[in-house]
Each structure stands twice: as C-alpha cells, then as structure tokens.
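In: coords please:
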Amino acid sequence: MEPAIAPRICDLLVKGGLVVTLDGTDRILAGGAVAVEGGRIVDVGEGDEVPIRWSPVRTIDARDRLVMPGLVNVHNHTPLMITRGMIEDLGFAPMFTAGIPQGHRLSEGEATALSRLGVYEMLRTGSTTIVDFYRYPEALAKAHSELGSRAVIAGRIHDADPEALTQKRYDYSAAIGAASVAENIALVERWQGHDNGRIRCDFAPHAPDTCSDDLLRDVADLVRQYGGNVHTHVCQSPIEVSQTRARSGRSPVEVLDAAGLLDQRLIAAHCIHVTADDEAALGAAKATMAYTPIGNAKTGRIAPAASIASHGARMALCTDTFSGDMFEAMRWAVAMQRIRGEKDGLNARAALRWATQGGAEALGLGDEIGSIAVGKKADLVLLDLSEPTLAPVIDGFGALVWSGNGNNVKTVVVDGRIVIEEGLLLSADGAELVREAQKVAEALWARHNVTPVRQRHSRPAIG
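Out: Numbers count the residues shown, from 1 in each chain. This is a model prediction of the structure:
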C-alpha cells in the first residue's frame, strides 16, 4: 500500500458552499470547496475531495452560502457620494449643476471621508475590483488601500473651467489642464502597483467636451508612455455632443478617434447619445462600454448597449457611485435593454459575465480575476442562502441576478484576504466611516445654503 500524501498547507479553505465558478464551462459545485494560497486560488472542486488535500490556516464554513467571483465595477467617482439623493431629480451630471458641493469645491480631507464611504459600500455589496477616478486621486487611492479593495485609480483630467461648466459655459484653460494632468501623473508615479499590484493607476480624461483636442492628444501620449487603460465619459448628454460638434464638427467618439484614444484601451462610460457610425467605430476599435443602466435610467435615458455590443465592443458594468449595488445594476442592465426591444442573448448569465469577466477583460485582468479557477486571484464573494430574497435557488444564475441584492453579501475576500466577514468591515469601523461621511456632507451642504434634514429643528407636536 502506498503511503498517503500529506495535505499541503494553504492560507484559506472555503468549503461546503454552492460554488458558482463562472469559469469556461460555468461549473456550479454543490458543496464545493476553494483553497487559497499566496492570494491565489490553488484548488477548486467537490467538497469531499479538496479538503483532504489541504491543511488550511483558516477555514470558512460556507454551508448555506453561495460562493461567486468578486464583482468588477468599472466606473465610479467615490467622492460624489456627496450628491447622493440630491442630484437625481435635477437631470444633469454634477459637473454641470450649479449650487452643489462637488469636485473643485471639496477639500482633500473631505474627498477622503466621502471616498471611504463609497469604497465601504461597494465592498459590502460584493464589488472586489473598483475603477475610481476623480479630483484628489491620492485620496481615493488611500481609501482603497486602507479598506482592502482591488482598485484602478485615476485623476480627473480636464481643461474646461469647472465653475464655468456649472453655468453651462465652456471656458478652456491651459493652466487647469496642466494641473489636472500633473495630479494624475503624480498619482501614477506614487501608487502604481501598490500592495503587490492591488492598486493600479490609469489616466482619465473627463470627457471629450471638457477636454480640448490638444489635451486629449496629450493624454494619448501619456498612455503610450505609461500604459494601462483610458477611462472617460462618452456621449453622456446632448450638451456634450453639441459642444464637440460646435468645436470641431465631430461627434465625441470621432473626437477621441482623432486624438488617438479610440482603441482597445478605452473604457467609455454611458454611450447614450451615439450615432450608428459611433457604434460601429466603438466596435471596430474593440473599446469597452462601461454600461451604467441605473444612472442612465434616472435621467430618463437608455443607452443602446446591446446594439453597441453587436458591433464588437466589449461590455462591462458599473454603478457610477450613486448606488454601489452591482446586483441591482445587473438586473437593470437586462431590463433596460428589453425595454429598448433587445432580447437576443440578454439573460442572467450575460449580466453576470458583464459584471465579472467583462470588466476583468476590459481592465486587462482577464487572466487574473472574474472567475473562480486555479491560478486566478482569490477575489471571492459569499452570499447568504438563508436570506428570503435569495431563495429559492434552482439554476444558480437566475436568483442571483433577478432577486439577489448587495445585502445578501456576508463575506468578501480580496487577494486571499478576508475584508468583510459576516457583514463587518475588518480594516476599519464601518459605522464610524458612515458617521464621518455624514458629518462632512452636512457641513458641505450647509456651506451651499442647504440645511440637512438631520440638523433641522423638529416641529412641535400637534395638540
């Protein structure tokens, strides 16, 4: 009889769960197990096979848990948490809205507090990889570094004067553009590859209308020098389209093409007001559309996502700050396209791919994240199958997309490290992060002549 092979030591063993791998064959393992060592998945299989091969330092009992890959949220601006509940009924993007505390009106400390709130919410609801760009990008990098998310950070590059934009006026300033570029370069040089690559930095020109043609060409040069993706807003509003056509006779997509930015590195958010030629150009370039179904619908708009994808563009999902819940985004993503009359291939599996593999591939991380497979980074999300909103589970896909929500998330693992355990953030006091952001927001809105409801005097009781 051959001697038994001794179990190998691993850092973490997640066992007994319903493992939705989203791998090449979409395997689902009832009572499955995942072994993690050095931040990577080293074994995936049946629950009665994997555990005997490993001696774990830490074990997570995943019975009554659904285990899935971490969600990839490809477009956010976490300090814009300041506008939550205050901007949605106005019909304009924050940068074009007067009288609100955003961007150029925040301090770095205020941006940090708001960013921590945004990162906390997205982690808590299952996003493990988050693209985040805004002014004070180092504040964003610090928040993601502290709380444990995998993040792609960028600055907010523009040379349109932000104060003039609130008056719907475009005044371009070389000094403003140079300052925003310098801020993004400083971010890249200080934070690129932080924590063994968990924090990555890219470049983010705000939009084709808020960046002059010269500035966009400068960004293209920087991307060729530093590498990575380009993150921007494209055809977000009729104002944007009107401005680029008035300026150069080109659509926003054509402006990016002329600047050398329309290629597979481009991650373009929104893409609502695109022409047929724009759709074809995005597809031919193999660019990625960052589909924002919730934010678009709040302004009464639906982007032609399925049509753009049919031309060959890649598709990824995002929440764009105002809701951090990617489960909600998946649901809306399919529903909004069906309202447009698109039905072929739009189902729960497609939405899950957009929210995982689609984002991973767009970021150049398709071999690293997006599925549960040996060799990939151990970014895992565990949902509570005893929650009534996640029951019954029959095929393993439909319930996740059509009835799951971020509150079903109980445990989150990033890079093999547990960052949320049974709903609790391990790196900081989550309740204190919320309180601090509330305090900052109340002070900022008060400076803009809005008295927060929690600071108003109660009305006397009647009778």
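In: now the helices: where do they sit in the stretch 101-250 of the chain?
Out: Taking DSSP state H, counting those that start in this stretch to define them, one finds helices in the stretch 101-250 of the chain at 108-124, 137-147, 162-165, 174-191, 194-197, 213-226, 238-248.
In: no wait, the stretch 351-463 of the chain
Out: In the stretch 351-463 of the chain, the helices defined using DSSP H, counting those that start in this stretch lie at 359-362, 398-402, 430-447.
In: mind saving the C-alpha coords of the second one as CSV?
Out: If I follow you right, that is helix 398-402. Taking Å, rounded to 0.1, in the frame of the first residue of the first chain, the C-alpha atoms of helix 398-402 are listed here in CSV:
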residue,chain,number,x,y,z
GLY,A,398,-31.4,33.5,-12.2
ALA,A,399,-31.8,34.1,-8.5
LEU,A,400,-28.5,36.0,-8.3
VAL,A,401,-29.5,38.5,-11.0
TRP,A,402,-33.2,38.7,-10.7
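In: Identify the residues contacting it?
Out: Residues outside helix 398-402 that contact it (C-beta atoms under 8 Å, 6 or more residues apart in numbering): 20, 66, 68, 327, 330-331, 334, 348, 351-352, 383, 390-393. The way it works is simple: take the backbone N, C-alpha and C, and place the C-beta from them, glycine included.
In: ditto for stretch 35-43
Out: Residues outside stretch 35-43 that contact it (C-beta under 8 Å, 6+ apart) are 8-14, 33-34, 44, 50, 53-54, 56, 196, 372-378, 413, 415-417.
In: Now list the buried members of those residues.
Out: Applying 16 or more other C-beta atoms under 10 Å to the contacts of stretch 35-43, the neighbour count classes 10-14, 33-34, 44, 50, 53-54, 56, 372-373, 376-378, 413, 415-417 as buried.
In: Show me the shaky parts of the stretch 151-300 of the chain.
Out: Within the stretch 151-300 of the chain, no stretch has pLDDT under 70.
In: follow-up on the earlier one: any idea which of the helices of the stretch 351-463 of the chain gets closest to Leu117?
Out: Ranking these by proximity to Leu117 (C-beta to C-beta) places helix 430-447 first, at 3.7 Å.
In: Show me what the closest one is packed against.
Out: Applying 3 or more C-beta pairs under 8 Å, 6 or more residues apart in numbering; DSSP states H and E, one finds that helix 430-447 contacts helix 108-124.
In: tell me the mean pLDDT for the helix it packs on?
Out: Mean pLDDT, helix 108-124: 97.
In: Helix 137-147 and that helix, what's the angle between them?
Out: Inter-element angle recorded for helix 108-124 and helix 137-147: 40 degrees (by axes from the mean of the first three to the mean of the last three C-alpha atoms, to 10 degrees).
In: Which positions in helix 108-124 come out as buried?
Out: Applying a neighbour-count criterion of 16+ other C-beta under 10 Å, one finds 110-124 buried in helix 108-124.
In: which among those residues gets closest to Pro205?
Out: For the buried residues of helix 108-124, the nearest to Pro205 is Ala111 (19.4 Å; C-beta to C-beta).
In: In this model Asp132 seems to touch that closest one, though I could be wrong.
Out: No. The criterion here is C-beta atoms under 8 Å, and Ala111 misses it with Asp132 at 11.1 Å.
In: hey, what's in contact with both of those two?
Out: Leu140.
In: Among the contacts of stretch 35-43, which are located in strands?
Out: 8-14, 33-34, 44, 54, 56, 413, 417 (DSSP state E).
In: List just the nearest of those residues to Ala154.
Out: So of these, ranked by how close each gets to Ala154 (C-beta to C-beta), first place is Arg417, at 24.1 Å.
In: Counting neighbours, what do you get for the closest residue in space to that closest one that isn't next to it in sequence?
Out: Among residues not flanking Arg417 along the chain, Gly148 sits closest, at 6.4 Å (C-beta to C-beta, 6 or more residues apart in numbering). Neighbour count for Gly148, taken as other C-beta atoms under 10 Å: 24.
In: who's in contact with Pro304?
Out: Here Pro304 is in contact with 271-272, 274, 279, 340 (C-beta under 8 Å, 6+ apart).
In: If any of these are buried, put those into a PyMOL selection.
Out: Applying 16+ other C-beta under 10 Å to the contacts of Pro304, the buried members can be selected in PyMOL as follows:
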select buried, resi 271+272+274+279
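In: how about the contacts of Pro304 in CSV, adding secondary structure?
Out: Below are these laid out as CSV (DSSP: H, G, I helix; E, B strand; the rest coil):
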residue, secondary structure
Cys271, coil
Ile272, coil
Val274, coil
Glu279, helix
Arg340, coil
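In: Now flag whichever of the contacts of Pro304 is closest to Phe322.
Out: Ile272 (15.9 Å).
In: Please report the distance of the closest residue in space to Gln167 that isn't next to it in sequence from Arg156.
Out: Excluding the flanking residues, the one nearest Gln167 by C-beta to C-beta, 6+ apart is Ala98, at 6.6 Å. Computed as C-beta to C-beta, to the nearest Å, the Ala98 to Arg156 distance reads 19 Å.
In: More neighbours: these two, which one.
Out: Set Ala98 next to Arg156 and count neighbours by other C-beta under 10 Å: Arg156 wins out with 24 against 12.
In: can you list the domain ranges for the chain.
Out: Residue ranges for each domain of the chain read 8-69+373-422, 71-362, as given by automatic domain parsing.
In: Quick check: pLDDT value at the residue nearest the centre of the chain.
Out: Nearest residue to the geometric centre of the chain (C-alpha atoms, centre = their mean): Asn73, 2.3 Å. Listed pLDDT for Asn73 reads 98.
In: Now for Gly341, how many residues are close by?
Out: With other C-beta under 10 Å as criterion, Gly341 counts 8.
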